[in-house]
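Novice: this one's sequence-less:
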């Protein structure tokens, strides 16, 4: 009898939430984008269209040239861990009702934005609410350093 093989999931490295949901998986070499979607698997091939083009209302507003401002709420290095933490914070802020943009990478950093606004004043109003939002680990103000930035295209 042949020796038992490890389950198919064994080579896949990732972190799971307490409910067993995969938060991220190690992308193929050369790709820094983690799997997207509620189960952590998007069915997307490396190098394919990014999850940001999937079309959430927040992402559509972010892409609209009429909106010039957004809130930068989280920044991390563009590592697997940085992407994982961006996804955790994305889920946390989304659960609280904020219009969170899919994480994106610029200059080797993972950036997480909230909202897309036509005016600085409108962005500042939401910033005060985001600054008071609790974090995923129960800290009271992990987003206190959020600030208004121009949307770069």
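Specialist: Ah, there it is. Just so it is clear, the model here is predicted, and its values are computed rather than measured.
Novice: and the longest helix seen in the chain, what's its mean pLDDT?
Specialist: Scanning the chain for the longest helix, with DSSP state H as the assignment, gives helix 80-95. Helix 80-95 shows a mean pLDDT of 97.
Novice: show me what that helix is packed up against.
Specialist: Packing partners of helix 80-95 (3 or more CB pairs under 8 Å, 6 or more residues apart in numbering; DSSP states H and E): strand 22-25, strand 69-77, strand 109-117. Yep, even glycine has a C-beta here, placed from its N, CA and C like the rest.
Novice: tell me the angle it makes with strand 109-117.
Specialist: 20 degrees (axes from the mean of the first three to the mean of the last three CA atoms, to 10 degrees).
Novice: the inter-axis angle of helix 80-95 versus strand 69-77?
Specialist: Per the same axes, to 10 degrees, the angle that helix 80-95 makes with strand 69-77 is 150 degrees.
Novice: buried ones in helix 80-95?
Specialist: For helix 80-95, the neighbour count (16 or more other CB atoms under 10 Å) marks 80, 82-93 as buried.
Novice: what's the answer for stretch 133-143, then?
Specialist: Buried positions in stretch 133-143, judged by neighbour count with 16+ other CB under 10 Å: 133, 135, 142-143.
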